[in-house]
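**Student:** No letters, just coordinates:
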């Protein structure tokens, strides 16, 4: 906690819950993460 705010290390959290493409030692790049997830989801939809 810092100044009453909970500080979350998102990259470590996401890596620990199974998003292994996220580097736990680097800050979270949200725009890159979201774009990659959308691309993966759209490619799965086109395969079906």
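**Tutor:** Alright, I've got the coordinates. Because the structure is predicted, anything quoted here is derived from the model rather than measured. Numbers count the residues shown, from 1 in each chain.
**Student:** what sits up against the longest helix anywhere in the chain?
**Tutor:** In the chain, taking DSSP state H as the definition, the longest helix is helix 30-47. Helix 30-47 is contacted by residues 14, 19, 21, 22 when judged by Cβ atoms under 8 Å, 6 or more residues apart in numbering. C-beta coordinates here come from the backbone N, C-alpha and C atoms, glycine included.
**Student:** got those residues as CSV, with distance to residue 28 and secondary structure columns?
**Tutor:** Shown next, in CSV, are those (distance: Cβ to Cβ, whole Å; DSSP: H, G, I helix; E, B strand; the rest coil):
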residue, distance to residue 28, secondary structure
14, 7, helix
19, 10, coil
21, 12, coil
22, 7, coil
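**Student:** which two in those residues are spaced the farthest apart?
**Tutor:** 14 and 21 (9.1 Å; Cβ to Cβ).
**Student:** Which one's more surrounded, those two?
**Tutor:** Set residue 14 next to residue 21 and count neighbours by other Cβ atoms under 10 Å: residue 14 wins out with 17 against 10.
**Student:** Which residue is the nearest non-sequential neighbour of that one?
**Tutor:** Spatial nearest neighbour of residue 14, chain neighbours left out: residue 22 (4.7 Å); criterion: Cβ to Cβ, 6 or more residues apart in numbering.
**Student:** is it true that the one you found touches residue 9?
**Tutor:** No: counting by Cβ atoms under 8 Å, no contact exists between residue 22 and residue 9, whose distance comes to 10.9 Å.
**Student:** Compare those two and say which is more crowded by neighbours.
**Tutor:** Between residue 22 and residue 9, counted using other Cβ under 10 Å, residue 22 has the larger neighbour count: 21 against 13.
**Student:** who's in contact with the more buried one?
**Tutor:** 11, 14, 15, 28, 33 are the contacts of residue 22 under Cβ under 8 Å, 6+ apart.
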